[in-house]
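# sequence-free structure coming up:
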């Protein structure tokens, strides 16, 4: 994997670059649609290419491990072939599921024991097992196994969790470097900065992660309920420490405003379920703000939701589909929201390259925050 910086905004720390993988080149900053179980919900792969033009998508290690399972994925030749996707892919390590399954898991030095949400069966994820599963899935970028702490979080717990994540990282790197991919192309391992919302812990974690000299770095444990300003503070601090010549990935973030603010802090990569999840609940993101398409005010509005992004579908028609509980409503809305997110990061990249990002971002943030 190769990362090349192309431009730096004069008024902020925003930057644009190119991230090269064996499945293609990814322009940054970039948003990555989430395909939890091998599918971006309600969106076909052909639509991910046109009109969305997603350069990279995500898969989820925990969910893919449980179903369809690594045996099926290996026989298919990896997740790329299984889902007919020949562009880059990233997988998380299952660490976030450790966080979300707090009622059914036990964290130990060796790893995490948990019960399947599908059938209650017992499983153990160790750092080595997380690497092996991601080898079987075959993503271009894979994540080190970590523990994502909740918010709020006791500082002693956050400190102990961070050190556990660091020890797990060392085991991940050792196991990763001792083996090789299964499908004839290279994989890159990203470590994850933790430390909750404590500046000294975030500093310590970022310095440790940077010292491991991996091809890219991720920032985890944010967007879990903390105030947005606290998320920005932690992100800014970490970005100042992580090396500038490697991509920075802020995990699980976020709203269009979150993304623009964090691009300004030096983040290159983002993912979030928000565009598709909100789309299925009739919430659309537009350049002029957030739109609840179920509102009666759109009943006789025959103008398009967005002429540039979703031409051919009026607000009135899309409202009708949602009110009628038609499956097509979720499909159109999901394509719209993902197209908007990709448009937003593309526009941010162009503004960075033109040297006008900061002023453009400030005006966009005001509009994106409004509800229509």
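On my side now, so go ahead. All values derive from a computational prediction rather than experimental measurement.
# least trustworthy helix or strand in the chain by mean pLDDT?
helix 95-100 (a mean of 72; mean pLDDT, DSSP states H and E).
# Now do the helices in the stretch 101-250 of the chain.
Remark: helices assigned in the stretch 101-250 of the chain by DSSP state H, counting those that start in this stretch are 127-137, 155-178, 199-211, 228-241.
# Figure out which of these is closest to residue 15.
Residue 15 lies closest to helix 228-241 among the helices of the stretch 101-250 of the chain, at 10.2 Å (CB to CB). Heads up, the C-betas are built off the backbone N, CA and C, glycines and all.
# Please list the residues outside the closest one that contact it.
13, 193, 195, 197, 199, 202-203, 205-207, 210, 219, 222-223, 248, 250, 253-254, 258, 261-262, 265-267 (CB atoms under 8 Å, 6 or more residues apart in numbering).
# quick one on the thing from earlier: quick one, which of the helices of the stretch 101-250 of the chain is packed in tightest?
Among the helices of the stretch 101-250 of the chain, the stretch with the highest mean neighbour count (mean count of other CB atoms under 10 Å) is helix 127-137, at a mean of 24.
# List the buried residues of stretch 314-333.
314, 315, 317, 318, 319, 321, 322, 329, 330, 331, 332, 333 (16 or more other CB atoms under 10 Å).
# Show the buried residues in the contacts of helix 228-241.
193, 195, 197, 202-203, 205-206, 210, 219, 222-223, 248, 250, 253-254, 258, 261-262, 265-267.
# nearest residue to residue 138 other than its sequence neighbours?
residue 78 (3.0 Å; CB to CB, 6 or more residues apart in numbering).
# Give me the neighbour count for that neighbour.
Residues within reach of residue 78, counting by other CB atoms under 10 Å, total 21.
# Quick check: phi and psi at residue 25.
phi -100, psi 140 (degrees, to the nearest 10).
# tell me, how many neighbours does it end up with?
Applying other CB under 10 Å, I find that residue 25 has 14 neighbouring residues.
# and it, what are its bridge partners?
residue 20 (DSSP bridges).
# give the contact list for it.
18, 19, 55.
# ok, now residue 15?
Listed by CB under 8 Å, 6+ apart, the contact set of residue 15 reads 5, 6, 7, 8, 9, 28, 29, 244, 266, 268, 352.
# What's opposite it in the beta bridge?
Beta-bridge partners of residue 15, as defined by DSSP bridges: residue 8.
# if I look at it, how far off is residue 267?
9 Å (CB to CB, to the nearest Å).
# Give me the below-cutoff pLDDT ranges for this structure.
Scanning the chain for pLDDT under 70 picks out 98-99.
# List the buried residues for the helix ranked longest in it?
Assignment by DSSP state H gives helix 327-354 as the longest helix of the chain. Residues of helix 327-354 classed as buried: 329-346, 348-349, 351-352 (neighbour count, 16+ other CB under 10 Å).
# Can you spell out which helices and strands pack onto the helix or strand just after it?
Counting by DSSP states H and E, the element after helix 327-354 in chain order, helix or strand, is helix 357-368. Applying 3 or more CB pairs under 8 Å, 6 or more residues apart in numbering; DSSP states H and E, one finds that helix 357-368 contacts helix 256-263, strand 289-292, helix 327-354.
# Rebuild those as CSV, extending it with distance to residue 276.
Shown next, in CSV, are the helices and strands packed on helix 357-368 (distance: least, CB to CB, whole Å):
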stretch, distance to residue 276
helix 256-263, 14
strand 289-292, 15
helix 327-354, 5
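# Contacts for stretch 3-10, please.
For stretch 3-10, contacts defined as CB under 8 Å, 6+ apart pick out 14-20, 215-216, 244-247, 264, 351-353, 355, 357-358.
# List the buried residues of that stretch.
Along stretch 3-10, these residues count as buried under the neighbour rule (16+ other CB under 10 Å): 3, 7, 8, 9.
# now that stretch: how far from the chain's centre is it?
Its chain's C-alpha centre and that of stretch 3-10 lie 21 Å apart, by CA atoms, centre = their mean, to the nearest Å.
# got it, and stretch 217-231?
For stretch 217-231, the distance to the chain centre is 12 Å (CA atoms, centre = their mean).
# Report the set of residues contacting both of residue 15 and residue 267.
residue 29.
# Out of the contacts of residue 25, who's the most crowded?
Most surrounded of those: other CB under 10 Å gives residue 19, at 27 neighbours.
# Can you tell me, leaving aside adjacent residues, what's nearest to that residue?
Counting by CB to CB, 6+ apart, the residue nearest residue 19 is residue 26, at 4.2 Å.
# ok, the one you found to residue 140 distance?
Distance, residue 26 to residue 140, by CB to CB: 9 Å.
# which residues do the two both contact?
Shared contacts of residue 26 and residue 140 (CB under 8 Å, 6+ apart): 56, 88.
# if I pick residue 193, what's in contact with it?
Counted by CB under 8 Å, 6+ apart, residue 193 has contacts 202, 205, 206, 209, 217, 218, 219, 220, 221, 238, 242.
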